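Chemist: 3D model of this:
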Amino acid sequence: MSEEKTPQQMQDDLDALNAQITSQGATVRTLKKEGGTAEAIAEAVQMLQKLKIEAGAMTELLQGDKPQFNRKAFDDLVLRKMFVVPSFEIHGGVKGLFDLGPPACALKAAMIDLWRKHFVLNEQMLEMECTNLTPEVVLKTSGHVDRFTDLMVKDPPTGECFRADKLLEDAIDHLLEENPTMPTEEKEDHLRIQRQADAFTPKELDELLIKYNCKGPSGEAYSPSFPFNLMFKTSIGPEGTAVGFLRPETAQGLFVNFRRLLDLNAGKTPFAAAQIGLGFRNEIAPRSGLLRVREFCMAEIEHFVNPKDKTHPNFATIAEKELVLFGRDDQLGSGKTKKITCGEAVKSGLINNQTLAYFMARTQLYMEKIGMDPLRLRFRQHLATEMAHYAADCWDLEIESSYGWVECVGHADRACYDLEVHSKATKTPMLATQKVDPPQEIELAKLKFNRKLLGQAFKADQRVVSGMLEGMAENWEDFEPVATALETEGKITLDGFEITKDMVTWTKTTKKVHEIKFTPSVIEPSFGMGRILYSLLEHSFDQREEDEQRCVMKFNPQVAPEKCAVLPISSNPECNVVVDAIAQDLMESDLATRVDKSSAALGRRYARADELGLPFAVTVDFQTLVDGTVTMRERDSMKQIRLPKDEVTTLIFMIVHKKMTWEKAAAKYPEVQSTEDGEAVAATEEPTVIETTSRGALRRPAPSTL
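Modeler: Numbering: from 1, shown residues only. Got it, this is the predicted structure:
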């Protein structure tokens, strides 16, 4: 009889199984990309599905009695306290659109403010705010017009649109639910089709939708499927002839302004540009709440660097910072992450270069600053099958939430692709220069053109062709493939122009240069602020151990929507005067403050503040009127101290700005206990009695005993 496995052994088995799933998934993508046979793809997908089913069962077994995230309580709090609400709710709402209420609006503003300080100010970046409207030619150049698509179908009578592959997946789910006794082999055939849903051609999808009897809400069959571009299309100007789109990302505005940014930076590289703004994607079937929406806030950085020198001047400051990395070899092998310093990761080649590692570390530090749980953060490297052909290396910061591991920040070494495509499309040089000392001797090609043949062949474009060749000739490494093709084949096609050997002659030569020209590579950290905000809401959500009905948002004081609640113990006018004075002083120091003078019990008002994530609550009580001291309650520990009211603002300011900790404050000031209704009572307080009056229940000193 085999011994029962320990939880760690089970976790090891699950990690190994997940590695097999990743490897098999890569195999499926490769087969589809390279046009593998239908039988080979089907077999690979069937194996992938079996592995996933096995992993799902093992995950359920491993979780056992672990506490589960209380989504019902979380969703209730988020909606009730108006963190996030459906847009246009009274009109029925619109999928994929949400409004941020006052608490989340303030939370997002604090997150962005900290992001700007952490990156833009600290790194001396050049910040821009580019237009949301983008002309078609820009996005045609970037590839979004041609490739940013999903397959869609319509319900003919109503015109309602649906994402075709999701309809097929849902139809198969419904079929399997309705037939729980279906033979295993038949079930696996359906699951195999489901797994390939996003890889079918329009014709294949149409046939499958008919096979599975997919009908629209009207009861009629869907229209033939067709590619749908996910960008919001519009026209610019009253004539309606200039096509534009709402931008799907903020990066293109920075790329097209590269030359001006370089000039503003006195021609020096490396340098970084940044932008915070909205992106728009017309998702056909938005899902997973705030994680997949149609309008979202992004914060993107484009760091321009010499492609032959991707060191970073500040790398030493983060070289010892440890990150949890999930490299492609581990994804395909052990299935386990590894904790490693940035210095070791770059030295071993796990992370491609210093600049990429530097921004990954800075991202980790930012997440820790805003209060994200470090144990639920990891960086996952893109597999070879996931990366664009031009990319050198890509890592996603993933945050674990109730939806699993969610990509929230992409870190990509995009090489020179973006600047090169805009340069070619506009015939605008996107070059930077760098002085070299001592001067270097470089190899280049000296060209001589047959202008007559160029003119006959290319007419008005002859200068474009000659300029392109001259640009390549400045570096023999760039021109050598052209020279080889002309020598061996007698011709070569560049950017659609067929150039023959008799149009140009060349000689290889050398020259001494004092500066070199290059098209910069781009290292791009791209932050999905909406996904980060949602993840922070989940990571901050908690319930009191003694009462699960009492929910708490444990926001870091730096980003908490409001920093302090100021509460009077009673409606006594003298107490209210002090409350207003403290609140005014706090707000004059830019500390967002909430005043709650309601008649609710003090404990109930504390609970309200906890639900909104206020880290501190200051209570003005009867002792305040005697000696000018107030109590200050810390949200997470619920401990209270008593301090002079004139020191409240300074103390909270110091804690919010990381100049002091609550623990040090608790050691400096006397701690007080609290009653069940939340009223503070000094541990050494004289005997008291509860007196009920028209103003409520009040604690009074006990009459002296004879």
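Chemist: Residue 328 is in contact with residue 379, isn't it?
Modeler: No. If you go by C-beta atoms under 8 Å, residue 328 and residue 379 don't touch, sitting 11.7 Å apart. Where C-beta positions appear, they are placed from N, C-alpha and C, glycine not excepted.
Chemist: Could you check which of the two is surrounded by more residues?
Modeler: More crowded of residue 328 and residue 379, by other C-beta atoms under 10 Å: residue 379, with 23 against 20.
Chemist: Check that one and give its pLDDT.
Modeler: Model confidence at residue 379, expressed as pLDDT, equals 97.
Chemist: Could you do residue 700 as well?
Modeler: At residue 700, pLDDT is 52.
Chemist: Likewise for residue 20?
Modeler: pLDDT, read off for residue 20, is 77.
Chemist: Give me the phi and psi for the closest residue to it other than its chain neighbours.
Modeler: In this structure, residue 20 finds its nearest non-sequential neighbour in residue 51, 5.5 Å apart by C-beta to C-beta, 6 or more residues apart in numbering. Main-chain dihedrals, residue 51, degrees, to the nearest 10: phi -60, psi -40.
Chemist: Spit out the contact partners of residue 51.
Modeler: Contacts for residue 51 (C-beta atoms under 8 Å, 6 or more residues apart in numbering) come out as 17, 20, 21, 24.
Chemist: rerun at 6 Å
Modeler: 20, 21, 24 (C-beta atoms under 6 Å, 6 or more residues apart in numbering).
Chemist: Model confidence for residue 136, exactly?
Modeler: pLDDT at residue 136 comes out at 92.
Chemist: Not counting its neighbours along the chain, what's nearest it?
Modeler: Using C-beta to C-beta, 6+ apart, the nearest residue to residue 136 is residue 243, at 4.2 Å.
Chemist: so the one you found bridges to which residues?
Modeler: Residue 243 has the following beta-bridge partners by DSSP bridges: residue 235.
Chemist: surely it meets residue 135?
Modeler: No. Residue 243 is not in contact with residue 135 according to C-beta atoms under 6 Å; the separation is 7.5 Å.
Chemist: For burial, what's the neighbour tally of the residue nearest to residue 136?
Modeler: Other residues within reach of residue 243, judged by other C-beta under 10 Å, total 15.
Chemist: again with the one 4 residues further on
Modeler: Residue 247 is surrounded by 25 other residues when neighbours are defined as other C-beta under 10 Å.
Chemist: and what of residue 209?
Modeler: Quick note: residue 209 (other C-beta under 10 Å) scores 23 neighbours.
Chemist: Need phi/psi at it.
Modeler: Dihedral angles (degrees, to the nearest 10) for residue 209: phi -60, psi -40.
Chemist: Same question for residue 339.
Modeler: Per degrees, to the nearest 10, the backbone of residue 339 is at phi -100, psi 120.
Chemist: next one: the one 4 residues further on
Modeler: As for residue 343, its main-chain torsions (degrees, to the nearest 10) stand at phi -60, psi -40.
Chemist: For residue 123, the count of nearby residues, please.
Modeler: Look at residue 123: counted by other C-beta under 10 Å, it has 16 neighbours.
Chemist: so how far is residue 504 from it?
Modeler: Separation of residue 123 from residue 504 (C-beta to C-beta, to the nearest Å) stands at 44 Å.
Chemist: Next: residue 274.
Modeler: 42 Å.
Chemist: With residue 648 instead?
Modeler: Using C-beta to C-beta, one gets 78 Å for the distance from residue 648 to residue 504.
Chemist: Kindly report the same for residue 118.
Modeler: Residue 118 is 51 Å from residue 504, where distance means C-beta to C-beta.
Chemist: go on, residue 445?
Modeler: Using C-beta to C-beta, residue 445 is found at 10 Å from residue 504.
Chemist: Quick check, residue 486 in contact with residue 501.
Modeler: Yes. In this structure, residue 486 is within contact of residue 501 by C-beta under 6 Å, at 4.5 Å.
Chemist: And those two? Which one has more around it.
Modeler: Set residue 486 next to residue 501 and count neighbours by other C-beta under 10 Å: residue 486 wins out with 19 against 15.
Chemist: which stretch of helix or strand covers the more buried one?
Modeler: helix 476-488 (DSSP states H and E).
Chemist: Please point out which parts of stretch 394-404 sit buried.
Modeler: Within stretch 394-404, the residues that count as buried by 16 or more other C-beta atoms under 10 Å are 394, 395, 396, 397, 398, 399, 400, 401, 403.
Chemist: what's the closest of those residues to residue 567?
Modeler: Proximity of the buried residues of stretch 394-404 to residue 567 (C-beta to C-beta) peaks at residue 401, which lies at 33.1 Å.
Chemist: Give me the neighbour count for the residue nearest to that closest one when sequence neighbours are not counted.
Modeler: Sequence neighbours aside, residue 538 is the residue nearest to residue 401 in space, at 4.8 Å (criterion: C-beta to C-beta, 6+ apart). Per other C-beta under 10 Å, the neighbour tally for residue 538 reads 20.
Chemist: Please apply the same query to residue 250.
Modeler: With other C-beta under 10 Å as criterion, residue 250 counts 23.
Chemist: Pull up the gap between it and residue 370, please.
Modeler: Distance check for residue 250 against residue 370: by C-beta to C-beta, it reads 20 Å.
Chemist: cool, residue 267 as well?
Modeler: Counting by C-beta to C-beta, the gap from residue 267 to residue 370 is 35 Å.
Chemist: wait, residue 503 sits on residue 448?
Modeler: No. Using C-beta under 6 Å, residue 503 is not in contact with residue 448; the gap is 10.2 Å.
Chemist: Between these two, tell me which one has more neighbours.
Modeler: The neighbour count for residue 503 versus residue 448, taken as other C-beta under 10 Å, is higher for residue 503 (22 against 9).
Chemist: residues contacting the more buried one?
Modeler: Going by C-beta under 6 Å, 6+ apart, residue 503 touches 450, 453, 454.
Chemist: quick revisit: more neighbours, residue 267 and residue 370?
Modeler: Just comparing residue 267 and residue 370: by other C-beta under 10 Å the higher neighbour count belongs to residue 370, 22 against 13.
Chemist: Tell me the confidence at that one?
Modeler: So, for residue 370, pLDDT stands at 97.
Chemist: ok, and the closest non-adjacent residue to it?
Modeler: Nearest residue to residue 370 in three dimensions, chain neighbours excluded: residue 559, at 5.0 Å (C-beta to C-beta, 6+ apart).
Chemist: Just read off the phi/psi values of residue 269.
Modeler: phi -130, psi 150.
Chemist: Relative to residue 520, how far out is it?
Modeler: 6 Å.
Chemist: now residue 583
Modeler: Residue 583 is 51 Å from residue 520, by C-beta to C-beta.
Chemist: And the two? Which one has more around it.
Modeler: Between residue 583 and residue 520, counted using other C-beta under 10 Å, the more crowded position is residue 520 (24 against 20).
Chemist: tell me the contacts of the more buried one?
Modeler: 304, 305, 432.
Chemist: same check, this time on residue 194
Modeler: 169, 172.
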